[in-house]
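Asker: generate coordinates for the sequence data below:
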Amino acid sequence: MDISKRLQKVAALVSYPTVADIGTDHGYVPIYLHKMGKVKKALACDVRKGPLEKAKENIRLFQAQDDIETRLGSGLVPINPGEVETGVIAGMGGMLTVRILKDSPEVVASLKELILAPQHDVDEVRRYLHSVGLCIETELMMKEDGKYYNIMRCVPGEEQYPREIDYLYGEKLLKQKEPLLKEVLTVQERKYCIVEQKLMESDTENAKERLVQVQDKLRLMREALACW
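Answerer: The predicted structure is shown next:
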């Protein structure tokens, strides 16, 4: 099975034998977990019938019908509280990830862990997790096909980050001095410096307002980069 390195990293963070994969697409994560002998029961969930049918085909192909069940529905809605220990939500936007968690608070509260890989708005995901009594036990970054990905393992617990940069860029990543995060921040800082220079050359009110925002963003980036 041709599974991306990103999804392999997601699967590697799974610690419990009962798992729900939300937005399963073709069922790659639960099938990979089955092949690795890491699951006794997996629910492959998707809101779209087409991908779910493909997932069913793949499950049969890999003779995983005894361990993996497909369910049609939005987010965590097809799952009953206490039915699985691990929830996996990978490959969606951060705001959609937050909405899925908000829509099923009882299911979220019953999980022992969440494995999340939001594709953007990661800071909003971090903030929401802390607001509902979840802490980010592990956070890592990886690069695949020229794109950067954040992957996190979250467990029940009280946690708050002391600095704004911890929410923006990830406290664990900053403490670990993650090279990929430094790479991203360095590129972003250069881009914002160019924007800052152009705005400083303009006298319009819009430019002045935008300049304040850009300089604030640059200040946070530089504070983060100082961790290295």
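Asker: quick one: the residue located most distally from the centre of the chain from residue 211, how far?
Answerer: Among the C-alpha atoms of the chain, the one farthest from their average position, using C-alpha atoms, centre = their mean, is that of residue 203, at 40.3 Å. Residue 203 sits at a distance of 11 Å from residue 211 (criterion: C-beta to C-beta, to the nearest Å). Every C-beta, even on glycine, is put in place using the N, C-alpha and C of the backbone.
Asker: then residue 144?
Answerer: For residue 144, the distance to residue 211 equals 35 Å [C-beta to C-beta].
Asker: between the two, which one's more packed in?
Answerer: When neighbours are counted by other C-beta atoms under 10 Å, residue 144 and residue 211 differ, and residue 211 comes out ahead with 16 against 12.
Asker: residues contacting the more buried one?
Answerer: 196, 199, 200 (C-beta atoms under 8 Å, 6 or more residues apart in numbering).
Asker: give the buried subset of the residues you listed as a ChimeraX selection command.
Answerer: Remark: buried members of those, expressed as a ChimeraX selection using 16 or more other C-beta atoms under 10 Å:
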select :196,199
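Asker: please narrow the contacts of residue 211 to those residing in helices.
Answerer: Within those, residues falling in helices by DSSP state H are 196, 199, 200.
Asker: what residues are bridge-paired with the most centrally placed residue in the chain?
Answerer: Compute the mean C-alpha point of the chain, and by C-alpha atoms, centre = their mean the closest residue is residue 117, 2.2 Å away. Using DSSP bridges, the beta-bridge partners of residue 117 come out as residue 90.
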